[in-house]
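[1] Curious how this folds, go ahead:
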Amino acid sequence: MELRVLRYFLMVAREENITRAAEKLHITQPTLSRQLMQLEEELGAALFHRSSHRIVLTEDGMLLKRRAQELLELAEKTQREFQGREELAGEIAIGCGETCNMAHLADRMMSFREKHPLVQFRIRTATADDVKERIERGILDMGLLLEPVETSQYDSIRMPREECWGALVRADSPLAEREGISPKELLCWPLLLPWRESVHSQVMGWFGEDYTKIQVAARFDFTFNAAIMVKHRMGVALCHDKGTAFFPSLRMVPLSPKLENGALLVWKRGIPRSRAVEQFIAHIGHIQNAAE
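    Numbering: from 1, shown residues only. Below is the predicted model:
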């Protein structure tokens with residue numbers, strides 16, 4: 001299976017039309033059709049449902065699309081890592097959750113690029129579980145993760161800021177002017193809660209015995225989407241204190257008792273890494289040690 005053919009396949013999957021895909025790939029339509037049929041023969045699976053006007057992916061086609069994207073991403077990443085063998089160059093791929101500690105990491109990336117301007121960073125925003133999965137597959141080099149998270153297979157550096165939880169509400173809500181909100185005060189409100197299981201367990205612990213009485217309206221991955229739902233009166237979102245940056249009509253009210261999470265920058269233990277990644281880890285560790 002050639003990477004070139006996988007690129008052809010992804011273009012057809014995106015365009016849903018052989019003619020348009022062939023034009024964008026600068027090859028003839030018969031050549032593209034032949035390559036796709038050979039790919040299906042090689043895999044022993046039908047990848048497309050074909051009609052006179054469009055072609056769409058089968059279930060096997062959707063699986064190959066996910067795998068092809070990962071394979072091409074990894075191939076491109078590997079190629080960039082081998083660029084510039086004399087002067088430090090290449091790419092460092094970091095997965096990040098929604099965390100205020102991104103500001104701290106951005107400062108470290110900036111100071112590193114001042115020394116090594118040929119190094120590029122690629123940032124992917126995702127949940128901690130998704131970031132860890134991509135680190136395992138070699139697609140990401142590092143992850144900036146919010147606790148609670150299992151890190152026994154990783155080396156890590158602790159970030160300096162604790163992330164405080166709050167109740168994200170509309171500015172016209174009766175809760176907006178409160179200095180703190182207790183679990184019992186939220187029982188009469190529809191709640192928007194984080195989807196991730198380990199974080200959800202932490203929220204359960206904060207509510208204690210009152211957890212069985214809460215009204216859950218929705219679950220979410222990212223605070224930005226939760227903020228939109230709050231703005232449109234779906235309920236009160238429990239999230240980290242960063243949901244009002246783009247929504248001046250919302251207010252973040254601290255939880256009482258306080259609920260906090262730490263953040264870690266992690267990387268897989270005991271595997272080969274590019275020179276750029278190794279030196280970036282050393283760069284952050286040197287700054288951390290100097291600060292302590």
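[2] use CA for all of it now, contacts and neighbours both
    Noted.
[3] show me what contacts the spatially most central residue of the chain?
    Closest to where the C-alpha atoms of the chain average out (Cα atoms, centre = their mean) is Ala126, at 1.3 Å. Residues in contact with Ala126 (Cα atoms under 8 Å, 6 or more residues apart in numbering) are Gly95, Cys96, Gly97, Glu98.
[4] Next, it: phi, psi?
    Ala126 adopts backbone torsions of phi -160, psi 170, taken as degrees, to the nearest 10.
[5] Asp155: which of the contacts of Ala126 is nearest?
    Top of the list for closeness to Asp155, among the contacts of Ala126 and by Cα to Cα, is Gly95 at 15.1 Å.
[6] Sheet-wise, list the partners of the helix or strand containing that closest one with their directions.
    Assigned by DSSP states H and E, Gly95 falls within strand 90-96. Within its sheet, and counting by DSSP bridges, strand 90-96 is paired with strand 119-125 (parallel), strand 142-146 (parallel).
[7] what sits up against it?
    Residues contacting strand 90-96 (Cα under 8 Å, 6+ apart): 77, 80-84, 102, 118-128, 131, 139-145, 276-277.
[8] Check the offset of it from the chain's centre.
    Strand 90-96 has its C-alpha centroid displaced from the chain centroid by 12 Å (Cα atoms, centre = their mean, to the nearest Å).
[9] got it, and stretch 272-283?
    Relative to its chain's centre, stretch 272-283 lies at 21 Å (Cα atoms, centre = their mean).
[10] can you check stretch 33-53 too?
    Its chain's C-alpha centre and that of stretch 33-53 lie 32 Å apart, by Cα atoms, centre = their mean.
[11] Any idea how far apart the tips of that stretch sit?
    Start and end residues of stretch 33-53 are separated by 15 Å (Cα to Cα, to the nearest Å).
[12] Would you map the helices across the stretch 151-292 of the chain?
    Secondary structure of the stretch 151-292 of the chain (DSSP state H, counting those that start in this stretch): helices located at 197-207, 223-231, 275-291.
[13] Show the secondary-structure elements that the host helix or strand of Arg4 is packed against.
    Assessed by DSSP H and E, Arg4 sits inside helix 3-15. On a contact count with 3 or more Cα pairs under 8 Å, 6 or more residues apart in numbering; DSSP states H and E, helix 3-15 meets helix 18-25, helix 29-43, strand 55-57, helix 59-81.
[14] what mean pLDDT does it have?
    Per-region confidence: helix 3-15 scores 92 on mean pLDDT.
[15] And His49, how far from Met62?
    11 Å.
[16] higher neighbour count, those two?
    Legend: neighbour count by other Cα atoms under 10 Å for His49 and Met62, higher for Met62 (15 against 12).
[17] Pull the contacting residues for the nearest residue to that one once chain neighbours are set aside.
    Using Cα to Cα, 6 or more residues apart in numbering and skipping residues adjacent in sequence, the residue nearest Met62 is Leu47, 7.8 Å away. Contacts here follow Cα under 8 Å, 6+ apart; on that basis Leu47 touches Glu40, Leu57, Thr58, Glu59, Asp60, Gly61, Met62.
[18] how deep is the fourth one tucked in, by neighbour count?
    By other Cα under 10 Å, the residues close to Glu59 number 14.
[19] Could you do the fifth one as well?
    The criterion is other Cα under 10 Å. On that basis, Asp60 has 13 neighbouring residues.
[20] do the same with the second one
    Under the neighbour criterion other Cα under 10 Å, Leu57 is assigned a count of 19.
[21] Quick check: bridge partners of it?
    With DSSP bridges as the rule, Leu57 is bridged to Phe48.
[22] wait, what's in contact with it?
    Ala13, Leu47, Phe48, His49.
[23] For Ile135, which three-state class applies?
    Of the three states, Ile135 takes helix under DSSP: H, G, I helix; E, B strand; the rest coil.
[24] now it: how far from Cys96?
    From Ile135 to Cys96 the distance is 11 Å (Cα to Cα).
[25] from what I can see Arg219 touches Pro190, true?
    No. Counting by Cα atoms under 8 Å, Arg219 stays clear of Pro190, with 11.3 Å between them.
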